[in-house]
Each structure stands twice: as C-alpha cells, then as structure tokens.
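*Asks:* Quick one: sequence plus predicted model below, questions after.
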Amino acid sequence: KIDGISASLIFKDGKFVQGLSRGDGKEGEDITENLKTINDIPKKIDIKNFPSEIDIRGEVFIKNIDFEKIKEKFANPRNAASGSLRQKDPAITAKIPLKFIAYTYGYASEMKIYNQTDFLKNLKSWGFKINPLNKKISGIKNLIQNHKNLEERRKEIAFDIDGIVYK
C-alpha cells in the first residue's frame, strides 16, 4: 500500500469530471483542479469498454527521488502530497511532482469485469498507472513469503509504503 493520499476520480462519458479526497472519512474535499495537474491521471478516455460512469480510486504520492528535491519545504512525501492537493492555486500544485496509481473503483455503471486481476489489466489499458508490485498470489504460505520478500526490498521501492493489501 502506497503511503500517500487517497483520491476518487469520477468519470462520466469518458471525461474526468470531479476528484475528491477522503477528507475526514465522512466528507471529502473537492480537489478536481489540483488532480488535473497530475500527468498520471487521464483527462479523457475513449476506449470501448470504459464504463459510462465510474469512480476510480487510487493514491496520490511523491516518489522518494522527487521528494529529495523539495524536502526542505515538507516533513515527508505524504505531507507534501497532502499539502499540494489542498492548495487553492492549481498552478502551485502543478510544480509538485505528484504521481497517481489507481487500484480499485467505488462504483461503476455497465462494467463487465468480475475480479481484481482483470480490473487492474483494464486500468492499464484505460491509461492508468498501477502499482508495479501488484501480483496474483494463492495460498497462505505464498502470502506470507510475499510479505517477507517485500519487507526485505522495502528500501529499494521508489515510494513509501505503509503496508500490504491482499484481496
């Protein structure tokens, strides 16, 4: 799990129309204009199997190498991402090297995808970046070994993580 800021991207008829933060857990903030500054977020998707309406969920973050260039202004990469998304001026946000990785959806109309593996493949085909560490794993022993391997490689990962999510 990437240590960043959760965001929901609402698309209607293939167009990115609204972006929300999780906010206080009950009510999110509209951060649409700041999210539009992130190159990893497609603004328009014209692919046949893209739902007419969908809420794509993902994480906004800063790679560790990019954070090194701005670290005197922020406590850590997560705080930099959070503060940048809450800026009143999107031009300021655009100067921060924010990234977005998609991982699930909140709702979708007319979607014919029935498992996480296929959904992740579709996210890529729709133009979203997904976590390069995603993999399909079966069995408890393999899950435990994956956790162990990831923990050993943690310092090599290009971004901060704060856990693993298994679905």
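*Replies:* Received the coordinates, thanks. Because the structure is predicted, anything quoted here is derived from the model rather than measured.
*Asks:* all helices for the chain, in order.
*Replies:* 32-35, 64-67, 77-85, 90-93, 116-125, 140-153 (DSSP state H).
*Asks:* Distance from the chain centre to the helix or strand of the chain with the lowest mean pLDDT, please.
*Replies:* Least confident element among the helices and strands of the chain, by mean pLDDT, DSSP states H and E: helix 77-85 (a mean of 88). Centroid displacement of helix 77-85 relative to its chain, using C-alpha atoms, centre = their mean, to the nearest Å, is 13 Å.
*Asks:* then it to PDB, C-alphas only?
*Replies:* This file holds the C-alpha atoms of helix 77-85, laid out as PDB (Å, rounded to 0.1, in the frame of the first residue of the first chain):
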ATOM      1  CA  PRO A  77       6.400  12.700   1.000                       C
ATOM      2  CA  ARG A  78       2.900  12.100   2.300                       C
ATOM      3  CA  ASN A  79       2.600  15.600   3.800                       C
ATOM      4  CA  ALA A  80       3.900  17.100   0.600                       C
ATOM      5  CA  ALA A  81       1.300  15.300  -1.400                       C
ATOM      6  CA  SER A  82      -1.500  16.200   1.100                       C
ATOM      7  CA  GLY A  83      -0.500  19.900   1.300                       C
ATOM      8  CA  SER A  84      -0.200  20.100  -2.500                       C
ATOM      9  CA  LEU A  85      -3.700  18.700  -3.100                       C
END
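*Asks:* quick one: low-confidence ranges for this protein?
*Replies:* 23-25 (pLDDT under 70).
*Asks:* what about the strands in it?
*Replies:* With DSSP state E as the criterion, the chain has strands at 5-12, 15-21, 53-61, 99-108.
*Asks:* Turn those into TSV, columns for distance to residue 145 and mean neighbour count.
*Replies:* (Glycine included, C-beta is placed from N, CA and C.) Formatted as TSV, the strands of the chain follow (distance: least, C-beta to C-beta, whole Å; neighbours: other C-beta atoms under 10 Å):
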stretch	distance to residue 145	mean neighbour count
strand 5-12	28	20
strand 15-21	35	17
strand 53-61	25	21
strand 99-108	22	18
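*Asks:* got a markdown table for those strands, with distance to residue 80 too?
*Replies:* Shown next, in a markdown table, are the strands of the chain (distance: least, C-beta to C-beta, whole Å):
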| stretch | distance to residue 80 |
| --- | --- |
| strand 5-12 | 10 |
| strand 15-21 | 15 |
| strand 53-61 | 9 |
| strand 99-108 | 12 |
